[in-house]
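Q: Have a look; sequence and predicted model below, questions after that.
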Amino acid sequence: RKEVEQDPGPFNVPEGATVAFNCTYSNSASQSFFWYRQDCRKEPKLLMSVYSSGNEDGRFTAQLNRASQYISLLIRDSKLSDSATYLCVVRGDSSYKLIFGSGTRLLVRP
Amino acid sequence: GAGVSQSPSNKVTEKGKDVELRCDPISGHTALYWYRQSLGQGLEFLIYFQGNSAPDKSGLPSDRFSAERTGGSVSTLTIQRTQQEDSAVYLCASSRAYEQYFGPGTRLTVT
């Protein structure tokens, strides 16, 4: 079983739609959680950290459910520019190592 | 401020040759990481540096791969006797705390 699992997609949605991705992780001792965004042939870029209480950044909302060991990302009012691969990332019980999921691909169409 | 930089951006080499990939982390970031990403695949952890030390080399695929970091700054990843399966994008990241910031990567093609 992978340490971080994501639905690879693609999720194909029209502009303005709301879309949600989920991610599950296997290590219950995991400490920190992130969503990164990766555009085609580009490096991953930090989108947002995920806090236990949930957090929002503009159109993006991240939630953490420690009991069920899953993380979610909600994107409201999708834009064409949101088309990318979204990587779920978990820091284990070590002080440094991040574990990356394989990513969920989002396509926003006009 | 300046982000993580990597050079070269692209490298084409013949099978059996050695290559060196360079990473300049964000100033003040003590931690540095190397990853590899093959086409359409996820990120594969290679090695982690804290300062000039490498407490975790567990991701290096074989003894043909080595890395060093000097002055707590620049890092070099060396691949000896390259093989076609080494073709990938090699990404470097740095961090001060837990959030890692990536460079643009070096696309390595072994012919």
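A: Now that the structure is in, tell me what you want to look at.

Q: could you pull out the strands for chain A?
A: Ranges of strands in chain A, per DSSP state E, are A:4-6, A:11-14, A:19-25, A:32-38, A:44-50, A:55-57, A:60-65, A:70-75, A:84-91, A:98-100, A:104-109.

Q: who touches the longest one?
A: Translated: strand A:84-91. Residues from elsewhere that reach strand A:84-91 (CB atoms under 8 Å, 6 or more residues apart in numbering or on different chains): A:3-4, A:6, A:21, A:23, A:25, A:27, A:30-40, A:44, A:47, A:71, A:73, A:97-106, B:42-43, B:98. The way it works is simple: take the backbone N, C-alpha and C, and place the C-beta from them, glycine included.

Q: what mean pLDDT would you report for it?
A: In this model, strand A:84-91 carries a mean pLDDT of 95.

Q: Equivalent analysis for the first one, please.
A: Averaging pLDDT along strand A:4-6 yields 94.

Q: Just list what that strand packs against, helices and strands only.
A: Contacts defined by 3 or more CB pairs under 8 Å, 6 or more residues apart in numbering or on different chains; DSSP states H and E place strand A:4-6 against strand A:19-25, strand A:84-91.

Q: Can you give me every residue that contacts residue A:102?
A: Applying CB under 8 Å, 6+ apart, we find residue A:102 in contact with A:2, A:6, A:8, A:87, B:41, B:42.

Q: Quickly note the distance from the first one to chain B.
A: Separation of residue A:2 from chain B (CB to the nearest CB, to the nearest Å) stands at 9 Å.

Q: Quick one: residues contacting that residue.
A: So residue A:2 contacts A:26, A:101, A:102 (CB under 8 Å, 6+ apart).

Q: Out of the helices and strands in the chain, which is least certain?
A: Assuming you mean chain A. In chain A, no helix or strand scores lower on mean pLDDT, DSSP states H and E than strand A:98-100, which sits at a mean of 89.

Q: hmm, I had chain B in mind actually
A: Lowest on mean pLDDT, DSSP H and E among the helices and strands of chain B sits strand B:53-56, with a mean of 89.

Q: List the pairing partners of that strand within its sheet, with orientation.
A: Sheet partners assigned to strand B:53-56 using DSSP bridges are listed as strand B:43-50 (antiparallel).

Q: Going by neighbour count, list what's buried in the strand it pairs with.
A: The neighbour-count check on strand B:43-50 (16 or more other CB atoms under 10 Å in any protein chain shown) flags B:43, B:44, B:45, B:46, B:47, B:48, B:49 as buried.

Q: ok, and what's touching it?
A: A:44, A:87, A:96-100, B:30-38, B:54-61, B:65, B:67, B:69, B:75, B:77, B:90-91.

Q: can you give me the angle that strand makes with strand A:44-50?
A: 80 degrees (axes from the mean of the first three to the mean of the last three CA atoms, to 10 degrees).

Q: Residue numbers of chain B in contact with chain A?
A: Residues of chain B lying near chain A by CB under 8 Å from any CB of the partner chain: B:31, B:33, B:35, B:41-43, B:45, B:48, B:50, B:56, B:91, B:95, B:98-105.
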